[in-house]
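Student: everything below, folded, please.
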Amino acid sequence: MGKTILTYGTFDLFHIGHLKILQNAKKYGDKLIVGISTDEFNKEKGKKTIIPFEQRKEIVENIKCVDIVIEENSWEQKIEDIKKYSVDIFIMGDDWKNEFDNLKDYCEVKYLSRTKGISSTQLKSVLNRVSVSKNELLQAFDILERLKQDFA
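Tutor: This is a model prediction of the structure:
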């Protein structure tokens with residue numbers, strides 16, 4: 001019988017780093033279960049998501065290597081999920097190195113390398129720097145409208 005893999009994440013602003021860690025996690029077994037942090041749990045963790053939970057869930061559910069998507073509602077549920085789904089290997093990105101070693105009593109724990117140069121935090125930082133005001137948008141639309149008239 002094949003091995004069951006479990007990982008968790010927020011998966012906000014889904015990017016190539018998310019895809020790579022899921023693909024790499026799947027290489028360790030036959031069934032990949034992905035826990036996605038709910039909006040409420042992210043608030044508890046002090047994280048603000050841009051994409052709502054249901055949309056993040058739908059995105060991850062439609063990735064080829066993912067077999068099951070579950071809600072992550074608390075830190076404590078990991079042990080329950082490991083038992084419930086008969087998990088063989090728990091996998092997280094190496095930015096969590098040693099944080100989940102307590103789970104070694106229940107299954108194997110692995111930390112995989114993250115994709116260099118990309119993260120949701122980095123993307124949010126860029127988005128914050130390029131945000132524009134409503135007035136700036138209106139001015140840009142006004143300029144575009146005048147250009148359109150000039151070339152008509």
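Student: just the pLDDT at residue 148, thanks.
Tutor: Note for residue 148: predicted pLDDT of 68.
Student: ignore what I typed, I meant residue 1.
Tutor: 63.
Student: what segments of the chain are helices?
Tutor: Per DSSP state H, the chain carries helices over the ranges 16-26, 39-44, 53-61, 77-84, 120-129, 134-151.
Student: lowest average pLDDT across those helices?
Tutor: Ranked by mean pLDDT, the helices of the chain end with helix 120-129 at the bottom, a mean of 56.
Student: and the residue nearest to residue 72 when sequence neighbours are not counted, how many neighbours does it have?
Tutor: The shortest distance from residue 72 to any non-neighbouring residue, by Cβ to Cβ, 6 or more residues apart in numbering, is to residue 35 (4.0 Å). (Glycine included, C-beta is placed from N, CA and C.) Other residues near residue 35 come to 21 when the count uses other Cβ atoms under 10 Å.
Student: what does residue 12 give?
Tutor: If we define neighbours as other Cβ under 10 Å, then residue 12 has 24 of them.
Student: just residue 32 next, same as before
Tutor: 24.
Student: how near is it to residue 142?
Tutor: Distance of residue 32 to residue 142, given as Cβ to Cβ, to the nearest Å: 50 Å.
Student: do residue 72 as well
Tutor: Relative to residue 142, residue 72 is positioned 46 Å away (Cβ to Cβ).
Student: bridging residues for the residue nearest to residue 72?
Tutor: residue 8, residue 70 (DSSP bridges).
Student: thinking again about what came up before, out of residue 72 and residue 142, which sits in the busier spot?
Tutor: Neighbour count, other Cβ under 10 Å: between residue 72 and residue 142, residue 72 has more, with 19 against 10.
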